[in-house]
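Undergrad: missing the sequence, but the structure's below:
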């Protein structure tokens, strides 16, 4: 099967609060903006933010609130961009989990939770090129 | 900021069990295959499966086991591909959550949990084109 992810859907409980983080914090523009779901066109996939109750109903399972066992990373273009990006996300409703520092495998990273407790890593990884279109390629 | 996601990292508790689902079930090839982390090169981003304990330590927060409030979708090329894909994933350690059926917004979808309880949607969405490289574009 094609190595392809079409959508990441995050369950949210307050669409307006979530948009403050993604639209005002990250500065991303929705491609579809409705009362119960917002989609953002990303680099070859969609980010969806959907009312958690609807996601729960659609996927036929109860989904616990709180931090799930996953993180999503947004990589930036220089080491100096990591902390200001975290700061900006905190300003728009995020919660700082880890300030920018250097992991053993290189680069710089920090973590922030979105208003629904989903974990975002903001990282600079010099080994992974990002094309002008935003496509990220593995490198070592 | 660029509308770009670099990585989705799923916390896993048993790397071999997780690889059975992703490598044998989805048929995806790792681009990095280590004892504690496996990366898959996806369509302009990376999928990472990392020991949950390490992700927890790195992100500086306790992460509850069980289904997080999110799902990841893999779209397939025809309506007839949805159920066989779900069946195959179940054969390799997944748990069926919802058999393929038609949602009100069109297309066909079903849901399966990976061995660590992360929710995957398998869907056919005729409105969202997928390029030969696997890049997905929003359409209505």
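TA: Noted; the coordinates are in hand. In this text the structure is predicted, and so the values were computed from the model without any measurement.
Undergrad: In chain A, what residue comes closest to chain B?
TA: Residue nearest to chain B within chain A: residue A:68 (1.8 Å; C-beta to the nearest C-beta). All C-beta spots, glycine's among them, are computed from the backbone N, C-alpha and C.
Undergrad: In a strand, that residue, correct?
TA: No. Residue A:68 is assigned coil when assessed by DSSP: H, G, I helix; E, B strand; the rest coil, not a strand.
Undergrad: For it, which residues are in contact?
TA: A:118, A:119, B:63, B:64, B:67, B:68, B:69, B:70, B:118 (C-beta atoms under 8 Å, 6 or more residues apart in numbering or on different chains).
Undergrad: in the sheet, who's paired with residue A:7?
TA: Under the criterion DSSP bridges, residue A:7 forms beta bridges with residue A:46, residue B:73.
Undergrad: wait, isn't it in contact with residue B:109?
TA: No. Residue A:7 lies out of contact with residue B:109 (C-beta atoms under 8 Å); the separation is 10.6 Å.
Undergrad: Between these two, which contacts overlap?
TA: Joint contacts of residue A:7 and residue B:109 (C-beta under 8 Å, 6+ apart) are B:73, B:121.
Undergrad: Surely residue A:110 is in a strand?
TA: Yes. With the criterion set as three-state DSSP, the secondary structure at residue A:110 is a strand.
Undergrad: What residues does it make contact with?
TA: Residue A:110 touches A:82, A:83, A:86, A:96, A:97, A:98, A:99, A:100, A:101, A:121, A:122, A:123, counting by C-beta under 8 Å, 6+ apart.
Undergrad: rerun that using 10 Å as the cut-off
TA: Contacts here follow C-beta atoms under 10 Å, 6 or more residues apart in numbering or on different chains; on that basis residue A:110 touches A:82-83, A:85-87, A:89, A:96-101, A:120-123, B:59-60.
Undergrad: Then residue A:135?
TA: A:43, A:44, A:129, B:4, B:6, B:42, B:43, B:44, B:45, B:133, B:135.
Undergrad: Kindly report the same for residue A:27.
TA: Contacts of residue A:27 (C-beta under 10 Å, 6+ apart): A:88, A:92, B:1, B:2, B:3.
Undergrad: so where's the longest helix in chain A?
TA: helix A:82-91 (DSSP state H).
Undergrad: And chain B, is the very next helix or strand once past it touching that?
TA: Where DSSP states H and E defines the elements, the next helix or strand beyond helix A:82-91 is strand A:95-101. Yes. Strand A:95-101 lies within reach of chain B by C-beta under 10 Å from any C-beta of the partner chain, at A:95, A:96, A:97, A:98, A:99.
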